[in-house]
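Colleague: Have a look at this prediction, sequence included:
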Amino acid sequence: MANLIQRPIIIKAAGHEHKEIAEYVGRLNSATEAVSIAHMRSPSGWSEPGQTPEFDEYTLVLCGVLRVETRTGTSDVKAGQAIIVSRGEWVRYSTPEPEGAEYVAVCTPAFSPELIRRDDSRTVAELNTRS
């Protein structure tokens, strides 16, 4: 049976500056544990603490630039581009450009605060020195 999602649920985002997360499919809005689909709107200057999530995240940038930092490098993902971050990989997201960013994030399994595993805002260099 098809399940029409009438509207998203708005979730408060972690990080500096206000970011809007509109979850269409996921644990909160549709009681879906296998996958979450959310539309994100991040202003210029937004950033969040690093994290090592227990889910794969697929991100498609609709407009603006999303900066994605990992232990192996930094990618500026532009409109029309996508990026995949695998579960267990340390990552930090931000929107440093003046226009901010608008993007769709798909997580498998679905996003939940228990699966995000945020760090204490350590830098990539500090994380790389842990052996």
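Modeller: That came in fine, so what should we check first?
Colleague: Distance of the residue nearest to Arg27 when sequence neighbours are not counted relative to Trp46?
Modeller: Residue nearest to Arg27 in three dimensions, not counting chain neighbours: Ala110, with 4.8 Å by CB to CB, 6 or more residues apart in numbering. Where you see a C-beta, it was placed from the backbone N, CA and C, and this is true even at glycine. Going from Ala110 to Trp46 by CB to CB, to the nearest Å gives 22 Å.
Colleague: Likewise for Gly88?
Modeller: With distances taken as CB to CB, Gly88 is found 24 Å from Trp46.
Colleague: Check Arg27 too.
Modeller: 23 Å.
Colleague: same check, this time on Gly26
Modeller: For Gly26, the distance to Trp46 under the criterion CB to CB works out to 21 Å.
Colleague: hang on, Leu115 is in a strand, isn't it?
Modeller: No: when the secondary structure is assigned by DSSP: H, G, I helix; E, B strand; the rest coil, Leu115 falls in helix instead of a strand.
Colleague: give the contact list for it.
Modeller: Residues in contact with Leu115 (CB atoms under 8 Å, 6 or more residues apart in numbering) are 53-55, 109.
Colleague: For ChimeraX, write the select line for the buried members of those.
Modeller: Selection of the buried residues among the contacts of Leu115 in ChimeraX, burial being defined by 16 or more other CB atoms under 10 Å:
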select :53,55,109
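Colleague: Out of the contacts of Leu115, which comes closest to Ala38?
Modeller: The shortest distance between Ala38 and any of those, using CB to CB, involves Phe55 and amounts to 12.2 Å.
Colleague: Excluding covalently adjacent residues, which one is nearest to the closest one?
Modeller: Counting by CB to CB, 6+ apart, Phe55 lies nearest to Cys107, which is 4.5 Å off, once chain neighbours are set aside.
Colleague: so what's that neighbour scoring on pLDDT?
Modeller: In the prediction, the pLDDT value recorded for Cys107 is 98.
Colleague: and what of Leu127?
Modeller: Note on Leu127: pLDDT of 45.
Colleague: Understood, closing this out.
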